[in-house]
Each structure stands twice: as C-alpha cells, then as structure tokens.
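Trainee: Provided below for reference: sequence and predicted model.
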Amino acid sequence: MNHQIRAQQLRVIDEDGQQLGVLTKREALELAAERELDLVEISPNADIPVAKIVDWGKYNYQKTKQLQKQKRNSKVSELKQMRFGLKIGDHDLDVKLKKVTGFLEEGHKVKITIFYRGREMAHKDIGFKLADRVIERYGNTVVVDQAPQLNGKQLIFVLRSSGAKKELKKDSEENEDA
C-alpha cells in the first residue's frame with residue numbers, strides 16, 4: 001500500500017475501474033494523493049505489477065465481507081456416526097438406516113460401526129454380512145469411502161452419497177412402504 005510498493009513501473013487502475021496505463025511509482029502516488037485515496041498493489045506478481053487507486057478502508061471492508069460470504073456459502077461436510085449391535089432387528093435397522101439416509105441427503109459422510117459384545121467375536125462373519133446388507137440396500141446411491149474392516153471389537157465402514165440424491169429418497173420411501 002502506498003509507499004510500501006517496491007516496483008518502479010505500475011499498471012494503474014483508478015477508483016472507477018478505468019485503466020490509466022503504465023505509470024511510474026511516483027506518478028501513481030501523486031495521482032492517488034490528488035484524489036485523497038490510497039494506492040494499493042493488487043497483482044504484485046504480474047510482469048508489470050497492477051495497482052489500484054482506492055479508499056483503503058472501504059476496499060478492506062468489502063474484501064472482508066466477501067470472504068465472510070464465501071465462508072458462509074461453503075458447506076462443511078461432517079462425519080456423522082451410526083452404531084449397530086450385531087443382533088439388531090430388521091425394524092431397528094430400518095429406523096437407523098432412515099437416519100443414515102437423512103445424513104447422506106444433507107451431504108455428510110456416515111461412519112457406521114457394528115460392535116461386537118462378548119462371545120459375538122467368534123462370529124465375525126455375521127458382522128460383515130450385516131455390513132454388506134447395509135451397502136447393498138443403498139446400491140449405487142452411495143460410495144464406500146472405507147471398506148468394512150475389523151478394528152478391535154468394532155467393524156467400521158464409511159459411506160458417502162454418490163450424488164444420486166433423488167435415488168436416495170426413492171429408496172427410503174420404498175423401505176417405508178415395505
């Protein structure tokens with residue numbers, strides 16, 4: 001800004017967006033001083049650096065507001081978690097999968113954990129079958145980010161929507177009718 005600019009030749013743009021051409025640093029600073037504004041270097045890495053004559057306070061305020069708006073509009077994807085027991089009933093599974101469908105429609109990833117208790121560890125294959133059943137139920141509407149893998153007494157896998165939201169809604173409605 002102003003005297004901190006190191007380049008001797010600058011492509012200058014005035015406050016209305018009109019190009020004033022290539023000027024020396026001193027000429028550009030004098031022009032900005034005449035208009036009681038600041039000279040701000042916009043693109044310092046260009047062949048001939050670009051500087052703009054602006055009201056620094058207003059420029060900084062607008063830039064801050066623009067960054068806040070971009071931050072507000074960017075959607076942060078959370079990792080939601082759903083836990084199933086190995087002996088979960090069909091209706092309970094339907095209820096939990098309806099909740100998972102809601103998370104997927106909102107664009108979140110869902111970490112599904114199937115936990116084993118006591119002697120259930122002797123029947124690890126039942127957990128993998130349950131995981132396969134869950135994945136098959138969603139079909140091509142989900143992508144498996146992390147394949148089912150045993151981690152201690154838990155079988156963990158991660159799902160995310162494949163972008164086929166309409167199909168997710170259809171599947172959840174069909175499951176309600178059944």
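Mentor: Yes, it's here. Residues are numbered from 1 along each chain as shown.
Trainee: Longest helix in the protein, please.
Mentor: Counting by DSSP state H, the longest helix found in the chain is helix 56-73.
Trainee: Identify all contacting residues around that helix.
Mentor: The contact list for helix 56-73 (C-beta atoms under 8 Å, 6 or more residues apart in numbering) reads Met1, Leu37, Asp38, Val40, Lys52. The C-beta positions use only the backbone N, C-alpha and C, and glycine is treated the same way.
Trainee: quick one: buried residues of it?
Mentor: Tyr59 (16 or more other C-beta atoms under 10 Å).
Trainee: CA atoms of it as PDB?
Mentor: Extracted C-alpha coordinates of helix 56-73, given in PDB (Å, rounded to 0.1, in the frame of the first residue of the first chain):
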ATOM      1  CA  TRP A  56      -8.200   1.500   1.600                       C
ATOM      2  CA  GLY A  57     -10.800   1.300   4.500                       C
ATOM      3  CA  LYS A  58     -13.700   0.700   2.100                       C
ATOM      4  CA  TYR A  59     -11.600  -1.700   0.000                       C
ATOM      5  CA  ASN A  60     -10.600  -3.700   3.100                       C
ATOM      6  CA  TYR A  61     -14.100  -3.800   4.400                       C
ATOM      7  CA  GLN A  62     -15.500  -5.100   1.100                       C
ATOM      8  CA  LYS A  63     -12.800  -7.700   0.900                       C
ATOM      9  CA  THR A  64     -13.600  -8.900   4.400                       C
ATOM     10  CA  LYS A  65     -17.300  -9.100   3.700                       C
ATOM     11  CA  GLN A  66     -16.600 -11.100   0.500                       C
ATOM     12  CA  LEU A  67     -14.500 -13.600   2.400                       C
ATOM     13  CA  GLN A  68     -17.200 -13.900   5.100                       C
ATOM     14  CA  LYS A  69     -19.900 -14.600   2.400                       C
ATOM     15  CA  GLN A  70     -17.700 -17.200   0.700                       C
ATOM     16  CA  LYS A  71     -17.100 -18.900   4.100                       C
ATOM     17  CA  ARG A  72     -20.900 -18.900   4.800                       C
ATOM     18  CA  ASN A  73     -21.700 -20.400   1.400                       C
END
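Trainee: From the contacts of helix 56-73, which land in strands?
Mentor: Of the contacts of helix 56-73, the ones assigned to strands by DSSP state E are Asp38, Val40, Lys52.
Trainee: contacting residues around the last one?
Mentor: Meaning Lys52. Val12, Ile13, Asp14, Glu15, Leu39, Val40, Ile42, Tyr59 are the contacts of Lys52 under C-beta under 8 Å, 6+ apart.
Trainee: PyMOL command to pick out the buried ones of those?
Mentor: Of the contacts of Lys52, the buried ones can be selected in PyMOL as follows, counting by 16+ other C-beta under 10 Å:
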select buried, resi 12+13+39+40+59
